[in-house]
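Trainee: dropping a prediction and its sequence here:
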Amino acid sequence: MSSIDTIVALSSGRPPAAIAIVRTSGPAAFAAAEAIAGSLPEPRQASLRRLIDPRDGSLIDEALILRFDGVFSATGENTVEYQCHGGRATVDALIKTLLSHTGVRMAEPGEFTRRAMSNGRIDLTEAEGLADLLAAETELQRRSAMARAGGALRARLEDWRDRLLALSARTEVAIDYADEEDGEFDLGLMPDIKRLSAEMAELVVAPRVEPMREGVRVVVAGPPNAGKSSLVNALAQSERAIVTPIAGTTRDVIEVPIAIGGVPFVLVDTAGLRDSDDTVEAIGIDRARHEAGRADLLLWLGSPGEAPTHDELILVSAKSDLAADGGEGVQVSAVTGEGLDALTDCLMNRARHLLPKGDELALDRRQHDLLADGQAALGRAVALNDAVLIAEELRNARLAIDRISGRAGVEDLLDALFGRFCLGK
Ligand SMILES: Nc1nc2c(ncn2[C@@H]2O[C@H](COP(=O)(O)OP(=O)(O)OP(=O)(O)O)[C@@H](O)[C@H]2O)c(=O)[nH]1
Ligand SMILES: [K+]
Ligand SMILES: [Mg+2]
C-alpha cells in the first residue's frame, strides 16, 4: 500500500465510550478536515467544530479537532485528530465521511507508527518500545517500555554510531598513510575502540525484555521421580501436573504461569532425564533438555554432579521430609511444605537481577544478539594491527548497530512488529 495515501483509524478504545479519537495522517488530511469542519484550527490548538458531511450537508457531530503539521506531528505527516462523541454510530459516520474524501483509506494496524518510523520520527527500538508499552500490564513492564519508547536506547545507539563513523574515517586516513609510508598502523585508535567496546559490553549484559514480557522462565528438571511435578504443583498451589510414583510420568512440557510478589514467573515442568527406549518418553526428554537450555532459572532436582551447565542454576534437594541428612542446595518438601518459602525467596532474588530496575534499559533477544555481534567485531578489531581489517570490523560493528535501530536489513521484521499494534496506533 502506498504511503502517499492518507490513512484514517479510530485511535481510542472500542466504542461506545464518552469520547472517541479518530486520527488521519497523510497529504489529504488537511483538505479532508477543511471539507468536513469548514476550516482548520491553528496548529496544536484544540478547537470546537461542527462536522458536516459534505455529501449531503448533514451534521455528523460537534467535536474538538487538532491539527499537527508535517515534521512536527507524531507520524511526520500532516495529521488531524478528531475528538468526537464516542458512540458507535458517530464514530462510523465520521470515519465513513472521511473515507469518502479522495485519497483517504483505512489504516493498517500499526501504520501510524510505521510511518513515524519511515519518516525518521522514531527508530525501530522506539517502535518496539511502543509496542511493549501498549501491551504493558505491570508497572515493571510499563516503566521499562517507557524507557525504550522514549528513546533511551536510540540515544545510546546514535552516539555509538557517530563514534564508529569517526573511527572509520580515521582508519581510512591510516589506510592511505600506510600506502605511502608502508608503515606500522598506529593512529591512537585503539583506546577509543576499546572504550566503545567496553561500553557496548556493559549493555550486552543488561537485563532482558522477555522475562518481563513473558514471565521469568523457571524450568524444573532432574531425573525421573525426583519430585519435579510435585514441586511445580506446590509452588503453583494447584494440581497442574500429574504426580504418580511411576518414573516417567511427565512427558509433555507443562507451563504454569504464577506471580510471586508481583513478579511474573512461568514454571516449566519437564520429563525426567534418563535413557529411554520408549518413543514418547524419549521425545519428552528431548524437550526437557531443550527447555533446560532456554531457562532463565534452572531448578535442578538431581545430584549436583549431573547438573546441566547453566548460568542460573539453583540446586534443589527435594523430598527433604524423607532425607535423613540434607543434600546440597535448597531443602524442599512438596509434602510438608518445608523450604517452599526459602525457594520462592531464592527465585525472587535471582529474578531481580534478570529484570530491569526502575527505568534501567532492557534489551530483547534480537537487540541483545546484534549488540553482542557488534561488540565482538570491536573485540576482534583491538587484536588487529592492519588498518584494512580494522576498517572492516568497524563496519561490521556499525552494521550491527544499524540493524538494531532499523537503519539496515529489517524489512521482514517490520510486518511482524507492526502487526502487533492495535488499529489506530
Ligand atoms: N515424601 C515425599 N514424597 C514426594 C515428595 N515429592 C514427590 N514425592 C513423591 O515422589 C513420587 C514422584 O513424584 P513426581 O512429582 O511425580 O516426580 P517427577 O520428578 O515429576 O517424576 P517424573 O515426571 O516421572 O519424572 C510421587 O509418588 C510423589 O508423591 C516429597 O516432597 N516428599
Ligand atoms: K513420577
Ligand atoms: Mg513429573
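Mentor: Looks like it arrived, so ask away. Ligands and ions are numbered 1, 2, ... in the order given.
Trainee: and for the closest residue to ligand 1 within the stretch 1-150 of the chain, the neighbour number?
Mentor: Nearest residue of the stretch 1-150 of the chain to ligand 1 (C-beta to the nearest ligand atom) works out as residue 138 at 30.1 Å. In short, each C-beta sits where N, CA and C put it, glycine included. Neighbourhood size, residue 138 [other C-beta atoms under 10 Å]: 14.
Trainee: is it true that it touches residue 262?
Mentor: Yes - between residue 138 and residue 262 there is a contact at 7.0 Å, judged by C-beta atoms under 8 Å.
Trainee: how near is the residue of the stretch 1-150 of the chain closest to ligand 1 to ligand 2?
Mentor: According to C-beta to the ion, to the nearest Å, residue 138 stands 34 Å off from ligand 2.
Trainee: tell me the pLDDT at that residue?
Mentor: Listed pLDDT for residue 138 reads 82.
Trainee: for it, what are phi and psi?
Mentor: Backbone torsions of residue 138, given as degrees, to the nearest 10, read phi -120, psi 160.
Trainee: show me what contacts it?
Mentor: 212, 262, 264 (C-beta atoms under 8 Å, 6 or more residues apart in numbering).
Trainee: show me what the helix or strand containing the last one is in contact with.
Mentor: Element membership of residue 264, judged by DSSP states H and E, is strand 263-269. The set of residues that contact strand 263-269 without belonging to it, under C-beta under 8 Å, 6+ apart, is 138, 140, 212, 214-220, 228-229, 232, 235-236, 240-241, 250, 253-259, 291, 295, 347-348, 351, 355.
Trainee: out of the residues you listed, list just those in strands.
Mentor: 216-220, 254-259 (DSSP state E).
Trainee: re earlier: show me what the mean pLDDT comes to for the strand holding residue 264.
Mentor: Here strand 263-269 scores 95 as its mean pLDDT.
Trainee: anything in it near ligand 2?
Mentor: No - judged by C-beta under 5 Å from the ion, strand 263-269 stays clear of ligand 2, getting no closer than 10.8 Å.
Trainee: going by residue numbers, what spans are helices in the stretch 101-250 of the chain?
Mentor: 111-118, 124-135, 139-149, 152-181, 190-204, 209-214, 228-236 (DSSP state H, counting those that start in this stretch).
Trainee: residue 81 should be in a strand, yeah?
Mentor: Yes - assessed with DSSP: H, G, I helix; E, B strand; the rest coil, residue 81 lies in a strand.
Trainee: helix, strand, or coil at the nearest residue to it once chain neighbours are set aside?
Mentor: Distances taken as C-beta to C-beta, 6 or more residues apart in numbering place residue 66 nearest to residue 81, at 4.4 Å, with adjacent residues excluded. Three-state call for residue 66 (three-state DSSP): strand.
Trainee: repeat for residue 298
Mentor: From three-state DSSP, the assignment for residue 298 is strand.
Trainee: what average pLDDT does stretch 71-83 get?
Mentor: Mean predicted lDDT for stretch 71-83 stands at 95.
Trainee: gap between the two ends of that stretch?
Mentor: In stretch 71-83, first residue to last residue: 22 Å (C-alpha to C-alpha, to the nearest Å).
Trainee: now that stretch: buried residues?
Mentor: 73-83 (16 or more other C-beta atoms under 10 Å).
Trainee: ligand 3 contacts on this structure?
Mentor: Counting by C-beta under 5 Å from the ion, the chain sits next to ligand 3 at 228-229, 249-250.
Trainee: so which of these are also by ligand 2?
Mentor: Residues of those in contact with ligand 2 (C-beta under 5 Å from the ion): residue 249.
Trainee: out of the residues of the chain next to ligand 3, which is most surrounded?
Mentor: Result: residue 228 is most packed of the residues of the chain next to ligand 3 (other C-beta under 10 Å), 33 neighbours.
Trainee: list the contacts of that residue.
Mentor: For residue 228, the contact set (C-beta under 8 Å, 6+ apart) comprises 220-222, 250, 269-270, 272, 301, 318.
Trainee: and residue 347, by the same measure?
Mentor: 216, 218, 260, 265, 297, 314 are the contacts of residue 347 under C-beta under 8 Å, 6+ apart.
Trainee: in PyMOL, how would I select just the buried ones from these?
Mentor: To isolate the buried ones among those in PyMOL, judged by 16+ other C-beta under 10 Å, type:
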select buried, resi 216+218+265+297+314
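Trainee: among the contacts of residue 347, which pair sits farthest apart?
Mentor: The span of these, defined through C-beta to C-beta, is set by 260 and 314 at 14.0 Å.
Trainee: residue 25 reaches residue 115, doesn't it?
Mentor: Yes - counting by C-beta under 8 Å, residue 115 is a contact partner of residue 25 at 6.4 Å.
Trainee: which of the two has more residues huddled nearby?
Mentor: Applying other C-beta under 10 Å to residue 25 and residue 115 shows that residue 25 carries more neighbours, namely 27 against 21.
Trainee: quick check: the more buried one vs ligand 3, distance?
Mentor: Distance from residue 25 to ligand 3, by C-beta to the ion: 54 Å.
Trainee: beta partners for that residue?
Mentor: residue 7, residue 79 (DSSP bridges).
Trainee: tell me, what residue is most central in the protein?
Mentor: residue 364 (4.8 Å; C-alpha atoms, centre = their mean).
Trainee: by mean pLDDT, flag the weakest helix or strand of the protein.
Mentor: Counting by mean pLDDT, DSSP states H and E, the chain has its least confident helix or strand at helix 411-419, which shows a mean of 76.
Trainee: contacts for that helix?
Mentor: 108-111, 113-114, 117, 124, 127-128, 131, 366, 406.
Trainee: buried residues in it, which are they?
Mentor: 414, 417-418.
Trainee: same question, stretch 198-210
Mentor: Buried residues in stretch 198-210 (16+ other C-beta under 10 Å): 199-200, 203-204, 206-210.
Trainee: what's the most distant pair in the residues of the chain next to ligand 3?
Mentor: Between any two of the residues of the chain next to ligand 3 (C-beta to C-beta), the greatest distance is 9.4 Å, for 228 and 249.
Trainee: tell me the angle of the least confident helix or strand of the chain relative to helix 124-135?
Mentor: 30 degrees (axes from the mean of the first three to the mean of the last three C-alpha atoms, to 10 degrees).
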